[in-house]
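[1] Just need the structure, nothing else, for what follows:
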Amino acid sequence: MEKSQRVKLLVGISVIVFSVLVIVSFNQGISPYLTVSQVVERGYAENVQVNGTIVPNSTRYFFENNTRIFKLSDGKTEITVKYTGSVSNYQEGIPAVVKGNYRDGVFYAEDLLLKCPSKYEVKKGEVG
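    As a prediction, the model looks like this:
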């Protein structure tokens with residue numbers, strides 16, 4: 001095999017390997033959205049995002065390790081969520097998305113995204 005053919009072959013193989021690695025890493029970063037009911041129905045889920053509303057009067061906060069345990073609901077079903085980390089604008093009764101794993105009846109959230117609370121507050125004089 002000539003040197004130019006070997007170089008072309010090597011470049012071609014490198015491009016294919018790189019493309020496969022990009023596709024595999026991209027697919028591993030994707031986490032599907034599920035409802036609270038779908039997660040509970042499955043009984044176990046890894047690397048998923050769950051939409052719901054933080055249930056009022058359900059939050060327990062542990063100051064010593066910055067952990068919140070709260071209930072998330074889709075209006076039909078509730079799950080217990082455990083999240084450790086900083087959160088700004090945390091409020092009960094607002095929509096949230098949690099990303100993580102569900103096992104043994106608890107959703108272990110790696111990320112917690114809170115929707116803007118002002119969008120969900122009733123303005124003075126409006127009927128909610």
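
[2] which residue packs closest to the residue nearest to the spatial centre of the chain, ignoring adjacent ones?
    For the chain, the residue sitting closest to the mean C-alpha position, by Cα atoms, centre = their mean, is residue 99 at 1.7 Å. Leaving aside its chain neighbours, residue 99 sits nearest to residue 111 (4.2 Å; criterion: Cβ to Cβ, 6 or more residues apart in numbering). Placement of C-beta: from N, CA and C, glycine included.

[3] Could I get the full set of strands for the protein?
    Here the chain has its strands, by DSSP state E, at 33-35, 45-54, 60-62, 67-73, 78-84, 95-103, 106-114.

[4] Can I get those strands in CSV including distance to residue 15 and mean pLDDT?
    CSV is the format used below for those (distance: least, Cβ to Cβ, whole Å; pLDDT from 0 to 100):
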stretch, distance to residue 15, mean pLDDT
strand 33-35, 33, 89
strand 45-54, 29, 94
strand 60-62, 51, 96
strand 67-73, 44, 97
strand 78-84, 41, 97
strand 95-103, 33, 95
strand 106-114, 34, 95
